[in-house]
Structures are given as structure tokens and as C-alpha cells.
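Undergrad: need the 3D shape of this:
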Amino acid sequence: MQLQLSSTDIIVILCSIIILIVLLILIVIYGVFIKKKSELLLIHQQKEAIFEQELARSQVELQNQTLKYIGQELHDDLGQKLSVARLMTSKLKHADPADLRIVEEINLILGESLQDIRNISKSFITPAADVGDFVESLEKEVFRIKRLSLLEVDYRINRHHLPINAEHGLILFRIIQECITNVIKHSRSKSIQIIVEDRPKQTKFVISDKGIGFKTARNFEGIGLKNMINRAKIINAEFKISSEENQGTAVTIIYKKL
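TA: Predicted structure coming up:
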């Protein structure tokens, strides 16, 4: 028995086939559209990431130029004036014996100030020369804090020869230096802990205190914190900060080895 289709049935079938084809075409077009949109979004995100990295690099380069200028001014101008002042006070040693103690004290203070200025200008002007300089600079910073009795320092390092790129070492040191400065200036903590843990694929730095702390979200707009975050981005390091009011603050930096 043969099934005979009327003209109406044929038209309905043809219309159904056409609609199905159109739907398939629309689905394909939509799929292509989504794929292109995803590709464009990915390209846009990559461009934004590159732009942020370049912006961060430019900001740090500008800051380094500023620091270099300040270092040169400290060394060439103020340093020279203090040297002359120290020389003049040295000539006063032959004055009245009653004033000799005061003169010696002034001369000692000028000498210490001059050495401090030289150290500061050198740290601003001179880039990291080799891997050893990073640990040396960090330990000088720790010694300075102890010598001036600014804080009690718990300093731990499991390896004194860190395999860190010289340029990256300088950036890491600036981040840690900023952390230490923040603890001294803002934390009201009596102590600071600095831990350096070198591992096969990364080096971990933790700087913590037991000070007043802060609400993390509120303080993420600070210039100092932004500078540290930008510096970390440049060397592809992870930067984390955790803080609770009246509980202290901890900064963790994870430097990934290439």
C-alpha cells in the first residue's frame, strides 16, 4: 500500500525542512558569534594585562629616576655641606676646653649623619649588582633597625645565596623596605618578624608585626600599597596582605623562579 501525500502535506514538509535548516544556520551563526566574541574578549583582556604591566613598569621607572635624583642631591649637595661643617667643627677642638665636649659631640653627630646620607644615596643610586647584594642589603636594613632600637627583630633566612635575578632582587628589596617602613611608621608594633624561605621553585618572604592592624579593603587605595603591588606585578610575584584591627599585619611575597 503506497502512502500518497497531498500537496498540502508536501508543502508542510518542505516548510518544516526549511525552518529546520534556518534554525541550524542560526545556531551555527550564533556559535561562530560566541566564539568570535570570546576571542575578542580574550584579546582585550590580554591587552589590558599588558597595558597594566607596562603602566606599572613606567611608574616604577619614574619612581626609580626620582629616587636616583634624590640620592644624587643627598650625596652632592647636603653631603658636601655636612662634610664642610664637620671639618669646621674639627678646627674648634683647640678652643676653650669647657666647650670641647660639646664640639666632640657635634662632630660625632655630623659624622653619623654624613654616613647615613651616604648609605641612603648609595641605596637610591646604585642598582643591585649581584644576587648576594639582595641578602646583604636586607641584613643591613635589619641591622639598622636593631642598632637604632626601633623594633625588636625576628629575622630568619634558610639560605644566604638566593638565586634571584639582580634587577628583580632590587625590586623585591624595595617592596620589603616599604613594608618595614610601614611597620615602623604606622603599626605601633614593638616587634617585626622577617622570614625568608627559599624553595626549589620559589622564594617566600613574610613580613609581619603585632601592631594595630587595619581593615584591608579600606587601605588598598594607599599610594605605598599600590607601589608595592605594581612592583610585584613587574616581576610576576604574588603579593598578599592580611590584617586585622588590633591583631597585626602580615605581608607575603612569593617570588617565582624562572
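Undergrad: mind jotting down where the strands sit in the stretch 151-258 of the chain?
TA: Secondary structure of the stretch 151-258 of the chain (DSSP state E, counting those that start in this stretch): strands at 152-157, 191-198, 202-209, 238-244, 248-256.
Undergrad: quick one: the third one to strand 248-256, angle?
TA: Angle, strand 202-209 to strand 248-256, by axes from the mean of the first three to the mean of the last three CA atoms, to 10 degrees: 170 degrees.
Undergrad: now the first one
TA: Using the same axes, to 10 degrees, one finds that strand 152-157 and strand 248-256 are set 20 degrees apart in direction.
Undergrad: which one's the longest helix in the chain?
TA: Longest helix in the chain, counting residues (DSSP state H): helix 7-73.
Undergrad: what about that helix, distance to the chain center?
TA: Relative to the chain's own centre, helix 7-73 is displaced by 30 Å; criterion: CA atoms, centre = their mean, to the nearest Å.
Undergrad: that one - contacts with which helices or strands?
TA: Contacts defined by 3 or more CB pairs under 8 Å, 6 or more residues apart in numbering; DSSP states H and E place helix 7-73 against helix 97-125, helix 223-234. Quick note: C-beta positions are derived from backbone N, CA and C, even for glycine.
Undergrad: any regions of the protein where pLDDT drops low?
TA: Low-confidence segments of the chain (pLDDT under 70): 1-5, 59, 62, 65, 68-107, 109, 112, 116-132, 216-223.
Undergrad: now do 80
TA: Low-confidence segments of the chain, defined by pLDDT under 80: 1-10, 44, 47-133, 147-148, 150, 215-224, 227, 258.
Undergrad: what is the burial count for the residue nearest to F134 when sequence neighbours are not counted?
TA: Leaving aside its chain neighbours, F134 sits nearest to G169 (3.7 Å; criterion: CB to CB, 6 or more residues apart in numbering). G169 has 25 neighbours, counted by other CB atoms under 10 Å.
Undergrad: what about G169, distance to L162?
TA: Between G169 and L162 the computed distance is 8 Å (CB to CB, to the nearest Å).
Undergrad: again with T203
TA: On the measure of CB to CB, T203 and L162 end up 6 Å apart.
Undergrad: out of the two, which sits in the busier spot?
TA: Shown here are T203 and L162; by other CB under 10 Å, T203 has more neighbours (23 against 19).
Undergrad: bridging residues for the more buried one?
TA: Beta-bridge partners of T203, counted by DSSP bridges, are D198, Y255.
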